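S.K.: sequence unknown, structure follows:
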C-alpha cells in the first residue's frame, strides 16, 4: 500500500517486505558509511551469494537490479545484427536490451492456451546468427515454469548451437522447489546464465539488487562490461542483500504466504467466472471481458487498485494481478466484481456477427460435399507449400523435383505425396520428374497469403468452433491464434494485392510528415518517408516490433528523420500529442481500435486530438460483406474473416459505420479505393 492509498498489485512486490535483519543492516550502513563509495566489485555480497548457491565467487556478478544485468548481458554478447531469442508477450526488457546492443529480436509465439512454446523455442535455437536466448522462468506474465526435463532440452540444443541461454528467474523463489533446475545446471558446468533478484521474494525492490550466476568466462565478460558503471550497486543495497541471505527462512515463509493467498485468489476468480492461468509466481494472469485497459483504469480510479493491463504485452483482454495479502486478495475480488460488465450473450457486429433479427441471409449455390472436403485438404496443402518455400521455387516454370527436395528439406516420399495432391487438385503438372504450376496454380499462389492467415493463423480456433460456441473452451485462454502466421499471411496479401493500390494513392499526396499507427517493423513508414526531407513517427504497442522497427530505420539511414514510439494510441499516447504531422495512416487495425471503445467516432476524434495539425488521414480496413445482397460465388477470405472475429467477440463493422464515424469526427471522404482484398477499402480523408 502506498501513502496515497493505492493498492499496488501491478509490480509483483512482496507485501510482507524484507527480513528485519536486512533492514537493520541497511540502516547501520546508511548511518556509518553514506559518505563512502561502494566497492565496485561487490566482493562481500558475491561471496555470500556464492556460498548461498554453492558456487565460486567468480561465478557471480552483481548488478543494479535485473534490468541492468539484462542490458549488460546484451551489450556483452550481442553485436549489430546478432540474434536474441525471446517468447512473444513477455517482459519487454529483453527486446529493449537487445535493441540497445543493436541486436535482432527473434520471437517465438506462445503456444495455444498461452502455454510456454518449449518445442518451438528449442527448435528455434538452431537458427543461424543467434547468440542469446532469454528464457523467462517462471514466465512473466503467464506464471508458468519449466520442468527439469524442459530446461535440460533447452540447454542441450543451445550448447549444440553455440547459443547462450539466459534464464531470468526473478520469480523462482515463489515456485515449488522442483522447478529450481537451472542453477543446478550451472553447478554441473553447463553453459548458461541464471539471473536472480532481491526485488521480489526477498522484499528489497527499493534497493535494486540483482545478480547473475554462470560459468567463469561468461560471468567474467559481463563483469568487464560492467566496469563502465563501477558504482551502480550502492553500499546500502549490498549490505542489506548480504544480511538477507543469512535468513533463508524468509524465502520459505514468502513462498508459503504467496501460495495460500494465490489459492484464495483462484477461488475468488472462479466465483466471479473469470478465467485465469495457474501460476508458479506471485502474480496471476486473468482474462476479463471487454476492454482490459478500461477495466484496469476503473480499478485504479474507482477502487484505488493498480493492476497491469497486458495490452502492452500483446495480450488484449488480460490483466496481470500481483498476489498480495489475503486482505489484498479479498479487496481486489470485491473491486473486480464491481467493475466487470454484466454477462452478455455476445457482442453483436455486422455481417456474420450481427444480431439474430438482422436482415435475412440468402442461400447461395451449395458447395458439393466432395468439393467442400477436398477444399479443406487443398487449403492445408497451400499452407504446406508456403511453409516449405515451394511457391517461390515454382515461380519460374518447370522445376526438377530434386531441386524442390533440396529447397524444402522435406522427405522424398512426403514431398511426392504433396506434389501429387496438388496435381490431382489441378494446380500442378507433373512430367519427366519435374513440376510446373498450371495457370490455376499460379493464381492460387497469388492468393496463398489468405491460407497462411486463415489455416496457419486461425486453424486451431476453426477446429474448436463448437467448444467456443458452447463455452467449454475460451478464446485467449484455451484456444489461441498463431500471430506469426497471421502476420506472414497479412504481409503476403499486402505485398501482392494491397501495395500497388497504396503506392498509387500515396503518390498523389502532398505531405512532409507522417504518423503510422501500428507501424510493425516500420516497412511502410520507411516507404512513406523515403523522399528526402520527409519525417515520420511510428506508433506500435509490441516491444519486439518496436525493436525491429528501430533496427530497420537505422539500416535505412533514416534514424535522424524517423522515430518509433511504443504506446497504445487509445491511451492518448501517454498524454502526448504530435503537432506538425501532416498525414496519419492506419492499415488494417481500425476495427480493433473501434472494438476496444465501442465508439468509432470517439476514436477518430481522439486521433484528431493526438495529431492536431493532421490534414489528411489514410485509413485502410476490412469491413463486413453485404451478405444479404450477395449473389453468385462466395469471395475468398471474407467468410472466415468474419466467422473468426465473431468467435473472438471482435465485431466487424459495415463500411457505412466507418464513414459515419469519419463524418462525425469532421473528416471528409476525399477518395475511396478497393484495397486488394474482398470487402477491404482504403479511405483518404481530409480534415474539415
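M.R.: Noted; the coordinates are in hand. Nothing here was measured: the structure is a model prediction, and the numbers come from that model.
S.K.: surely residue 584 touches residue 617?
M.R.: Yes. Counting by Cβ atoms under 8 Å, residue 617 is a contact partner of residue 584 at 4.9 Å. All C-beta atoms are positioned from the backbone trio N, CA, C, and that covers glycine.
S.K.: ok, those two, which is more surrounded?
M.R.: residue 584 (27 against 24; other Cβ atoms under 10 Å).
S.K.: any idea how far residue 611 is from the more buried one?
M.R.: 5 Å (Cβ to Cβ, to the nearest Å).
S.K.: shared neighbours, these two?
M.R.: Common contacts of residue 584 and residue 611 (Cβ atoms under 8 Å, 6 or more residues apart in numbering): residue 515.
S.K.: centre-most residue in this protein?
M.R.: residue 89 (3.4 Å; Cα atoms, centre = their mean).
S.K.: in stretch 675-688, which residues are buried?
M.R.: In terms of neighbour count (16 or more other Cβ atoms under 10 Å), stretch 675-688 has its buried residues at 675-685, 687.
S.K.: beyond the lowest-mean-pLDDT helix or strand in the chain, next helix or strand please.
M.R.: Using mean pLDDT, DSSP states H and E, helix 572-575 stands out as the lowest-scoring helix or strand of the chain, at a mean of 52. Moving toward the C-terminus from helix 572-575, the next helix or strand (DSSP states H and E) is strand 583-587.
S.K.: show me where this structure dips below the pLDDT cut-off.
M.R.: For the chain, applying pLDDT under 70 flags the ranges 1-3, 341-350, 356-359, 476-477, 483-484, 543-544, 569-575, 596.
S.K.: quick check: what element follows the longest helix seen in the chain along the chain?
M.R.: The longest helix of the chain (DSSP state H) is helix 249-272. Using DSSP H and E, the helix or strand that directly follows helix 249-272 along the chain is strand 275-277.
S.K.: that following strand packs against which elements?
M.R.: Judged by 3 or more Cβ pairs under 8 Å, 6 or more residues apart in numbering; DSSP states H and E, strand 275-277 is in contact with helix 249-272, strand 283-287.
S.K.: let's have those in CSV, adding mean neighbour count and distance to residue 516.
M.R.: Shown next, in CSV, are those (neighbours: other Cβ atoms under 10 Å; distance: least, Cβ to Cβ, whole Å):
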stretch, mean neighbour count, distance to residue 516
helix 249-272, 16, 38
strand 283-287, 24, 30
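S.K.: dump the ones you listed to CSV, plus distance to residue 548.
M.R.: Listed next are those as CSV, based on distance: least, Cβ to Cβ, whole Å:
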stretch, distance to residue 548
helix 249-272, 35
strand 283-287, 25
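S.K.: and of the ones you listed, who's closest to residue 152?
M.R.: Closest to residue 152 of the helices and strands packed on strand 275-277, according to Cβ to Cβ: helix 249-272, at 23.8 Å.
S.K.: next one: that closest one to chain centre, how far?
M.R.: Computed by Cα atoms, centre = their mean, to the nearest Å, the separation of helix 249-272 from the middle of its chain amounts to 27 Å.
S.K.: ok, and what's touching that helix?
M.R.: Outside helix 249-272, the residues that reach it (Cβ under 8 Å, 6+ apart) are 14, 16, 18-19, 173-174, 201-203, 244, 275-276, 278-279, 282, 284, 286, 321, 323-326, 328-330, 332-333, 336-337, 340.
S.K.: so of the residues you listed, which ones are in helices?
M.R.: Those of the contacts of helix 249-272 lying in helices (DSSP H): 244, 326, 328-330, 332-333, 336-337.
S.K.: just the buried ones from these?
M.R.: 244, 328-329, 332-333, 336.
S.K.: so the longest helix of the chain versus strand 283-287, what angle?
M.R.: Calculated by axes from the mean of the first three to the mean of the last three Cα atoms, to 10 degrees, helix 249-272 forms an angle of 20 degrees with strand 283-287.
S.K.: would you confirm that residue 234 contacts residue 204?
M.R.: No. Counting by Cβ under 8 Å, residue 204 is not a contact partner of residue 234; they are 11.9 Å apart.
S.K.: contact partners for residue 672?
M.R.: 681-684.
S.K.: give me the element it is part of.
M.R.: strand 667-674.
S.K.: among the buried residues of stretch 675-688, which are located in strands?
M.R.: Using DSSP state E, the members of those that fall in strands are 680-685, 687.
S.K.: what's the overlap in contacts for residue 584 and residue 617?
M.R.: With Cβ under 8 Å, 6+ apart, residue 584 and residue 617 have common neighbours residue 607.
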